[in-house]
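Trainee: Build the 3D model from these lines:
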Amino acid sequence: MIHPKRNFYGARFSPDGRWIAFTSGTGSAQARLFVAPLRDRPTPEAEWVSMGPDSGGEPAWSPDGNVLYYRSKRDGFHCIWAQKLGPGKRPSGEPVSIQHLHSAGFGLYLMNATDFNLTVGNDRLVFNVVKAGNTLWTTRLEDK
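Mentor: A predicted model of the protein is given here:
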């Protein structure tokens, strides 16, 4: 996609190949998640379906294409959320928290969005996190 004001990243095709989920934002606005139908020409912005103003990004589809999983700071921390999708891939109900990662030394906030990977299987989510920490080493000095 080419857009004069928006950046795009994290695009993922739906399991049926008829939709695309992507993250988009402008220079000053927070990026958010959209879903758009796939066509043989660019889909007009008016047809993009927003997952909400605090939806975040890095989407991953459920195997049946009826749920979109993503990374969001909607609760003030980088966590994993899910949005059920109804007809036309519009949000159905409120987003649901899947995995909170609120620890100071363990989480998604320590990595760039482009380094984050989220994969969905039939009964699992797999994603990478960063653990920050320090180790203090001690040794005993022998009398010499």
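
Trainee: Considering helices and strands only, name the one in the protein with the lowest mean pLDDT.
Mentor: When the helices and strands of the chain are compared on mean pLDDT, DSSP states H and E, strand 106-107 comes out lowest with a mean of 66.

Trainee: what's downstream of that one, the next helix or strand?
Mentor: Per DSSP states H and E, the first helix or strand lying C-terminal to strand 106-107 is strand 118-120.

Trainee: Okay, buried residues for that next one please.
Mentor: Neighbour-count burial for strand 118-120 flags 118, 120 (criterion: 16 or more other C-beta atoms under 10 Å). No exception for glycine: its C-beta is placed from N, CA and C like everyone else's.

Trainee: What mean pLDDT does it get?
Mentor: Mean pLDDT, computed over strand 118-120, is 83.

Trainee: Mind listing what's buried along whatever helix or strand comes next after it?
Mentor: Per DSSP H and E, the first helix or strand lying C-terminal to strand 118-120 is strand 125-127. The neighbour-count check on strand 125-127 (16+ other C-beta under 10 Å) flags Phe127 as buried.

Trainee: How far off centre is strand 125-127?
Mentor: 11 Å (C-alpha atoms, centre = their mean, to the nearest Å).

Trainee: Whichever helix or strand comes after that strand pairs with which strands, and in what direction?
Mentor: Proceeding N to C from strand 125-127, the next assigned helix or strand is strand 130-131, under DSSP H and E. Applying DSSP bridges, strand 130-131 is found paired with strand 106-107 (antiparallel).
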